[in-house]
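Q: Have a look at this fold, sequence not included:
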């Protein structure tokens, strides 16, 4: 307390209370911190994935292309079998090849 103003300490307390961050500003700060950490993580991941050393460190093999060619061949075979089945089902009266 002040001998001149007995309510000085009380008013200082209210000033301090009013200057404290509210709950929403604290939550906003937490959200902004999380966003900045997430953006930094994404930036690090992109820079790592696009770096020359990272790309050269990965071994490239033909396994993916073999699986891709096998999947294309299987899809072609399934399409051919389906068309043959449709031709047998429809019969000889329609020319399915003209539409396909």
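A: Perfect, I can see it now. Only a predicted model underlies this, so the values are computations on that prediction, with no experimental measurement involved. Numbers count the residues shown, from 1 in each chain.
Q: Show me the residue at the heart of the chain, geometrically.
A: residue 42 (9.9 Å; CA atoms, centre = their mean).
Q: Distance check, that residue against residue 35.
A: Distance from residue 42 to residue 35, counting by CB to CB, to the nearest Å: 11 Å. For every residue, glycine as well, the C-beta is placed using N, CA and C.
Q: next structured bit after the helix or strand bottoming out on mean pLDDT in the chain?
A: Ranking every helix and strand in the chain by mean pLDDT, DSSP states H and E puts helix 8-19 at the bottom, with a mean of 73. Using DSSP states H and E, the next helix or strand after helix 8-19 towards the C-terminus is helix 23-49.
Q: Residues contacting whichever helix or strand comes after that following helix, please?
A: Next along the chain after helix 23-49, taking DSSP H and E as the criterion, comes helix 52-57. Identification of contacts with helix 52-57 by CB atoms under 8 Å, 6 or more residues apart in numbering yields residue 48.
Q: roughly how far out does the helix or strand that contains residue 84 sit from the chain middle?
A: Here residue 84, judged by DSSP H and E, is contained in helix 63-90. With CA atoms, centre = their mean, to the nearest Å as the basis, helix 63-90 stands 33 Å off its chain's centre.
Q: repeat for stretch 43-54
A: With CA atoms, centre = their mean, you get 17 Å for stretch 43-54.
Q: gap between the two ends of that stretch?
A: 15 Å (CA to CA, to the nearest Å).
Q: and it, which residues are buried?
A: If you call a residue buried by 16 or more other CB atoms under 10 Å, then stretch 43-54 has no buried ones at all.
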